[in-house]
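J.: dropping a prediction and its sequence here:
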Amino acid sequence: MAVLPVCLLAVAAYAAQTNVAVTPIQKVLTLLEEMKAKGVAAKNDEGVKFSAFAGWCTNTKKSKTDEINAGSAKMEMLSAEIQKAAVSIQSLTDRILELQEDVGRWKKDSKSASTVREAERADFTATVTDYTESIDAVAGAINILKKQSRDTAQAALVQVTSLPLVPAATKKAITAFLQQDPELAYAAPEANAYENQSGGIVEMLEKLNDEFSGKKTELEKEELGAQQAFEQIMQQLADNIENANFEASKKTKHRGQTQHAKAEYEGDLAQTTADHAEDQKYLADTTALCTVKTSDFESRQALRAGELEAISKAIEILGSSAVAGSGDKHLPALMQIRAKNGVSLAALRSDNKFPAQMQVASFLTERAQKTGSRLLSEMALAAEANPFGKVKKMVKDLIVKLMEEGTSETEHKGWCDTELTTNKQTRDRKTADINELNSNIEELTATIAELTQDIADLAAAVKELDTAMAQETEERNGAKATNTQTVKDAKAAQVAVAEAMSVLKDFYAKSSQATALVQQPASDAPETFDKPYQGLLPAGGGVVDFLEVILSDFTRLQADTESAEASEASEYKKFMQESKMDKALKENESSLKSGTKTDKESALAEASRDLKTTQDQLSKAMGYYEKLKPTCVDSGITYEERVKRREEEIVSLQEALKILAGTDLPTMD
């Protein structure tokens, strides 16, 4: 008796249990249709999933390409900024060195000028001393010669010849004069001749004295001019040194700021370069993954299509009149006959199960309950319901399938770990960058606000200074006009008071000389004056005294007003100088702070752009993490639990094979 196919046995068993006239061919067609439907659904599901994966590939490659391009542009920009900063630093350094060299040279010039000036002053002092001594000696000799004192004249003339400034011709003339015969020179009859000779010497000495005086005066003028020129040179050198030191300090500060900015640019470039390399590697890995996945998908789809085509062909064949028609016609009657005789294939198969097969089913059921494995439970049912030979093959195939699943899951786990680690590093790094950028933005914003307030305060202070100087100038002009008028009025009052005093004094001087007629009055006459009238002397004297006090008051008013005017003018000049200096300093400070504010605002704008870019990158990393979670994170149980359960299932299936070992499927006659 030939062995029937397993599927026909299953169909026969189903028909016997349900007692329905269904042919095995119809049941197989039903199973094939279900398989086809599942295959189509699986193929479509796989297509949908790959479509999402392909979209991810496209989006990821585009976003990463954009990030790489943005990184390249930023690297070029940062490199340009670094080069620009380096050139600026070198230029500032060269200028600072040049200024330091100028300061050193000007200090040397100042020292040299001071040395030369001291030497000139020493020469001037020595020369003036010589001229002074020469003038004194010549003047003394002239005086003695004019008195015609021979004894003292000879000593004086000898002293003159010893002076270094006296010309040689003059010395020669004096020597000749001293060598003439003293007896002849001083004899009474020759007095006129001596006078003529000494007169010539005196004239020569007077001329020499005038020459020495002129040269001394000329030297003093030259010394005054040289001193003034020296002071101008020293003032110019001092101004040059002060200006150079101020410029060097300003450029040194600017160089420090530029060096700090360059260091920040270099740090940003290093970080951007690292991110750029990481993005390039990620893009390459993603491209390779997408290429492999695409190739696999195309192969799988081709395989599924072939499978569906084969199933469709089988359905077509089984459903043809040659197969299905014959089955419908003959198989129901056969099934009914076997059911009546109690020898249905299903019953026969059920009654002839092997003991080992039942033992395997029991063993797998026990293990399934112990481990909670749905797979072992299903396999236990299959071992109980299927033929012995098929059970062994199912167990072997299931072991192979579990091993392949383990290998595939291990590879997937490795890929997930890599992607999750890389993604976490990216999210952590971008989060740290965002925190740092937010901190920098807060600091820059605070600094800009502080600088803005400082500039406003400085502007207000300058405005207050302008107002104060204008008010002070207005008050000064008014006070000066008042003081000028007061002095003018005081002077006019002094003249008027002095004139009044003169008139009164003249009057009372004359009235004091007045007399009265002495006359004996009649007894019945009314009383009259009996003394001479000399004016209201007591009252007049009092008036003059008052006038003298008034004159002294006007004099003191003039003096006090002139003194007050001089003091107020000096104070006004000092106030204006100090205010102008304070204003210049505040305007300079405001200019420097405005430049710093501009730099900080530029840095704030750059930080804001970097923050937006970094936030976009973080959002993309978070989006990618959400895509990873369904397959790499949110799977219900851990990877270790799945590995452990699979190992237990494999061990259980291997033990089931051992139970089935040595047992063959019996041949049915």
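T.: That came in fine, so what should we check first?
J.: contacting residues for the spatially closest residue to Lys215 that is not a sequence neighbour?
T.: Ranked by CB to CB, 6 or more residues apart in numbering and with sequence neighbours excluded, the top spatial neighbour of Lys215 is Tyr131, at 6.2 Å. Yep, even glycine has a C-beta here, placed from its N, CA and C like the rest. With contact taken as CB atoms under 8 Å, 6 or more residues apart in numbering, Tyr131 is in contact with 165, 212-213, 215-216, 219.
J.: beyond the host helix or strand of Gly39, next helix or strand please.
T.: If you go by DSSP states H and E, Gly39 is part of helix 24-147. For helix 24-147, the following helix or strand on the C-terminal side (DSSP H and E) is helix 150-161.
J.: quick check: buried residues in that following helix?
T.: Neighbour-count burial for helix 150-161, with 16 or more other CB atoms under 10 Å as criterion, is recorded at 153, 156-157, 160-161.
J.: how about stretch 644-656?
T.: Of the residues in stretch 644-656, 645-646, 648-650, 652-653, 656 count as buried by neighbour count, 16+ other CB under 10 Å.
J.: the residue nearest to Glu562 when sequence neighbours are not counted - how many residues pack around it?
T.: For Glu562, ignoring the flanking residues on the chain, the nearest one in space by CB to CB, 6+ apart is Val487 at 5.9 Å. Residue crowding around Val487 was assessed by other CB atoms under 10 Å; the count is 17.
J.: next one: Ser373
T.: Residues within reach of Ser373, counting by other CB under 10 Å, total 19.
J.: low-confidence ranges, the stretch 151-300 of the chain, go.
T.: Judged against pLDDT under 70, the low-scoring parts of the stretch 151-300 of the chain cover residues 151-152, 181-199.
J.: export the buried residues of stretch 644-656 as JSON lines, with columns for distance to Gln471 and pLDDT.
T.: Formatted as JSON lines, the entries for these read as follows, by distance: CB to CB, whole Å; pLDDT from 0 to 100:
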{"residue": "Arg645", "distance to Gln471": "95", "pLDDT": "74"}
{"residue": "Arg646", "distance to Gln471": "96", "pLDDT": "74"}
{"residue": "Glu648", "distance to Gln471": "100", "pLDDT": "75"}
{"residue": "Glu649", "distance to Gln471": "101", "pLDDT": "75"}
{"residue": "Ile650", "distance to Gln471": "102", "pLDDT": "79"}
{"residue": "Ser652", "distance to Gln471": "105", "pLDDT": "79"}
{"residue": "Leu653", "distance to Gln471": "106", "pLDDT": "77"}
{"residue": "Ala656", "distance to Gln471": "111", "pLDDT": "76"}
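J.: let me know the closest of those residues to Glu266.
T.: Arg646 (52.5 Å; CB to CB).
J.: now for the helix or strand where that closest one lies, which elements pack on it?
T.: For Arg646, the enclosing helix or strand under DSSP H and E is helix 639-660. Using 3 or more CB pairs under 8 Å, 6 or more residues apart in numbering; DSSP states H and E as the contact definition, the elements that helix 639-660 packs against are helix 355-371, helix 374-385, helix 388-511.
J.: which of those sits closest to Ser249?
T.: If we rank those by CB to CB, the stretch that ends up nearest is helix 388-511, at 19.5 Å.
J.: in this structure, which helix or strand is least confident?
T.: Within the chain, no helix or strand scores below helix 345-351, which has a mean of 40 by mean pLDDT, DSSP states H and E.
J.: show me what contacts the residue lying closest to Leu157 once chain neighbours are set aside?
T.: Spatial nearest neighbour of Leu157, chain neighbours left out: Ile174 (5.0 Å); criterion: CB to CB, 6+ apart. When contacts are counted by CB under 8 Å, 6+ apart, Ile174 touches 157, 160-161, 201.
J.: including distance to Gly104, could those residues go into CSV?
T.: As requested, the contacts of Ile174 are exported to CSV (distance: CB to CB, whole Å):
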residue, distance to Gly104
Leu157, 57
Val160, 52
Thr161, 53
Ile201, 60
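J.: which among those residues gets closest to Ser552?
T.: Here the nearest of the contacts of Ile174 to Ser552, counting by CB to CB, is Val160; it sits at 59.9 Å.
J.: surely that closest one touches Val138?
T.: Yes: applying CB atoms under 8 Å as the test, Val160 and Val138 come out as touching, 5.9 Å apart.
J.: what angle sits between the longest helix seen in the chain and helix 24-147?
T.: Across the chain, the longest stretch assigned as helix under DSSP state H is helix 191-318. Between the direction of helix 191-318 and that of helix 24-147, the angle (axes from the mean of the first three to the mean of the last three CA atoms, to 10 degrees) works out to 180 degrees.
J.: gap between helix 191-318 and the chain center?
T.: A distance of 16 Å separates the centroid of the chain from that of helix 191-318, by CA atoms, centre = their mean, to the nearest Å.
J.: now do stretch 433-450
T.: Remark: stretch 433-450 is offset 10 Å from the chain centroid, using CA atoms, centre = their mean.
J.: mind listing what's buried in it?
T.: By 16+ other CB under 10 Å, the buried positions in stretch 433-450 come out as 433-434, 437, 440-441, 444, 447-448.
J.: could you export it as PDB, CA atoms only?
T.: As requested, the backbone C-alpha atoms of stretch 433-450 are provided in PDB (Å, rounded to 0.1, in the frame of the first residue of the first chain):
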ATOM      1  CA  ASP A 433      27.200  72.800  23.000                       C
ATOM      2  CA  ILE A 434      23.700  74.400  23.400                       C
ATOM      3  CA  ASN A 435      24.300  74.900  27.200                       C
ATOM      4  CA  GLU A 436      27.700  76.500  26.500                       C
ATOM      5  CA  LEU A 437      26.200  78.700  23.700                       C
ATOM      6  CA  ASN A 438      23.300  79.800  26.000                       C
ATOM      7  CA  SER A 439      25.800  80.600  28.700                       C
ATOM      8  CA  ASN A 440      27.900  82.600  26.200                       C
ATOM      9  CA  ILE A 441      24.800  84.400  24.900                       C
ATOM     10  CA  GLU A 442      23.700  85.300  28.400                       C
ATOM     11  CA  GLU A 443      27.200  86.600  29.200                       C
ATOM     12  CA  LEU A 444      27.500  88.600  25.900                       C
ATOM     13  CA  THR A 445      24.000  90.000  26.400                       C
ATOM     14  CA  ALA A 446      24.900  91.100  30.000                       C
ATOM     15  CA  THR A 447      28.100  92.600  28.800                       C
ATOM     16  CA  ILE A 448      26.400  94.500  25.900                       C
ATOM     17  CA  ALA A 449      23.800  95.800  28.400                       C
ATOM     18  CA  GLU A 450      26.500  96.900  30.700                       C
END
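J.: before we move on, back to that, will you turn the buried residues of stretch 433-450 into CSV that also has pLDDT and distance to Met35?
T.: Conversion of these to CSV gives the following (pLDDT from 0 to 100; distance: CB to CB, whole Å):
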residue, pLDDT, distance to Met35
Asp433, 90, 54
Ile434, 91, 54
Leu437, 90, 59
Asn440, 92, 64
Ile441, 92, 63
Leu444, 91, 68
Thr447, 93, 73
Ile448, 93, 73
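J.: okay, angle between the helix holding Gly39 and helix 150-161 too, please.
T.: Regarding helix 24-147 and helix 150-161, their directions subtend 160 degrees when assessed with the same axes, to 10 degrees.
J.: rounded mean pLDDT for helix 24-147, please.
T.: Averaging pLDDT along helix 24-147 yields 86.
J.: what's the spacing between Asn209 and Leu283?
T.: Applying CB to CB, to the nearest Å, one obtains 107 Å for the distance of Asn209 from Leu283.
J.: list the residues that contact Thr614.
T.: Residues counted as contacts of Thr614 (CB under 8 Å, 6+ apart) are 430, 433-434, 437.
J.: if you set the cut-off to 10 Å instead, what comes out?
T.: Thr614 makes contacts with 275, 429-434, 436-437, as judged by CB atoms under 10 Å, 6 or more residues apart in numbering.
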